[in-house]
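Asker: attaching a predicted model along with its sequence, questions to come.
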Amino acid sequence: MSGSYQAGLAEKYLVDDLPGAALVGARLNGILQKIEAGETLTALAQAFLTSGGHDSLLALATGKIDRPTFEEAAARERSDRIQSAKDEADRAAAEQARKAEAMDAAAKARFVAMENDPVLRRKREARELRDRFGIGFIETENYPRAMRLLKQVASGNRLAPEDVAWLSTEAVDCWSDALQQAWHRLEAKALTKAWEESRDPWDAVNASAHWRKADEPQRALDVTGAALAKAGRSPKPRSALLTTRGGAMRDAGRLTEARTLGLEAHELTPADFRPCTLLGAVSMELGDLAAGHEWYAKAEALGAERRAIDQDLRALLIRSEPDARDRIRNYLLEQDPERFAWLRNWNHKISAAHRR
């Protein structure tokens, strides 16, 4: 028999709200088919109808009521069943919501407990602090001191010189770029304040150096510009201010201005290698490789450490575009292949590092 026939049968006997009424093989569907065929119901079938609350259907099947009376009574039974099913569904939904709310409350309680747990809170704060400064694993023996210093910097407090020395030599894994930059910013702020109070040009010189390393060249330009206006004509401090200001100009990409400041500083202190180093870098970046090489050579002759010059050149090459980097590298090797032998394979190392 078709599904539509079974559905029609369920509707005829007003039990279409029950899934088993139209499902072939279900007990109720089989009873409906017997009633429809006029067959006598077995005792078991009658007991099934009684247990299911189908009193009107049983009365119709046993001839105790006529069809109109059945339809009236069966309609009430169906209405009661539908309402009862709705009530049960509402109760189940309410119970589910209550359980979910209880679970949420329990989860919130656990979260609050975890938030208030001093051990877990310290662990979370320590992890957040390491993440802030880009620091991963810290050696066990270094952990207490390193975390104390991280908290100190995060709180805006300067580090003692011995702590900086320890971080940069013994706990180098903690001396991350982010931590160094934060430290330079603290030093720059403190030295800028010191200059504002003392008007000592050397405080401004040192503040500028730290602002530059904190990647804030404009702050370096601000403090050196103000300091130069107050510095007078004393050659050494004025030359130092001009040189560090030239470095900040270079950081800001203002190379022509940086070169002018470097030349002025060199005229004031021709025996100081620092303006020469600045002029070497700026000349290289401006594309005047011969002048750059000469200035670097002059700086070394005046006492600049070769290691420092090479470090400056490495930084310059890293900042340069590939074509400019190759020109500088090739030029230096042509001028002094022994002096700049370290450049032979260095370009390949840079390329490999960029690929990684």
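Answerer: Yes, it's here. This is a predicted model, so every value here is computed, not measured.
Asker: can you list the buried residues in stretch 78-87?
Answerer: Using 16 or more other CB atoms under 10 Å as the test for burial, stretch 78-87 gives 78, 81. Backbone N, C-alpha and C define where each C-beta goes, glycine included.
Asker: centre of the chain versus that stretch, how much separation?
Answerer: 55 Å (CA atoms, centre = their mean, to the nearest Å).
Asker: ditto for stretch 252-264
Answerer: Per CA atoms, centre = their mean, the centroid offset for stretch 252-264 relative to its chain is 37 Å.
Asker: got it, and stretch 250-267?
Answerer: 38 Å.
Asker: can you report how many residues neighbour the closest residue to R250 other than its chain neighbours?
Answerer: Spatial nearest neighbour of R250, excluding adjacent residues (CB to CB, 6 or more residues apart in numbering): A258 at 4.2 Å. Using other CB atoms under 10 Å, A258 has 25 neighbouring residues.
Asker: what's the weakest-modelled helix or strand in the chain?
Answerer: helix 343-355 (a mean of 59; mean pLDDT, DSSP states H and E).
Asker: returning to what we had before: residues in contact with the residue nearest to R250?
Answerer: 246-247, 249-250, 278, 282 (CB atoms under 8 Å, 6 or more residues apart in numbering).
Asker: and the gap between G134 and L149?
Answerer: 15 Å (CB to CB, to the nearest Å).
Asker: the more surrounded of these two?
Answerer: Between G134 and L149, L149 has the larger neighbour count (other CB under 10 Å), namely 24 against 11.
Asker: which SSE is the more buried one in?
Answerer: Assigned by DSSP states H and E, L149 belongs to helix 143-154.
Asker: which helices and strands does that helix pack with?
Answerer: helix 118-132, helix 161-169, helix 177-198 (3 or more CB pairs under 8 Å, 6 or more residues apart in numbering; DSSP states H and E).
Asker: what angle sits between the second one and helix 177-198?
Answerer: Taking axes from the mean of the first three to the mean of the last three CA atoms, to 10 degrees, helix 161-169 and helix 177-198 form an angle of 150 degrees between their directions.
Asker: now do the buried residues in helix 161-169.
Answerer: Result for helix 161-169 [16+ other CB under 10 Å]: buried residues 163-164, 166-167.
Asker: of those, just say which sits nearest to L263.
Answerer: V164 (33.9 Å; CB to CB).
Asker: residues contacting the residue most central in space within the chain?
Answerer: The residue lying closest to the centre of the chain (CA atoms, centre = their mean) is D131, at 9.0 Å. D131 makes contact with no residue, according to CB under 8 Å, 6+ apart.
Asker: what lies in contact with stretch 184-199?
Answerer: Contacts of stretch 184-199 (CB under 8 Å, 6+ apart): 153, 156-159, 200-201, 203-204, 206-208, 210-211, 213-214, 216, 219-220, 223, 227, 230.
Asker: repeat for stretch 17-27
Answerer: 1, 3, 6-7, 9-10, 13, 15-16, 28-29, 32, 48, 78, 81-82, 85.
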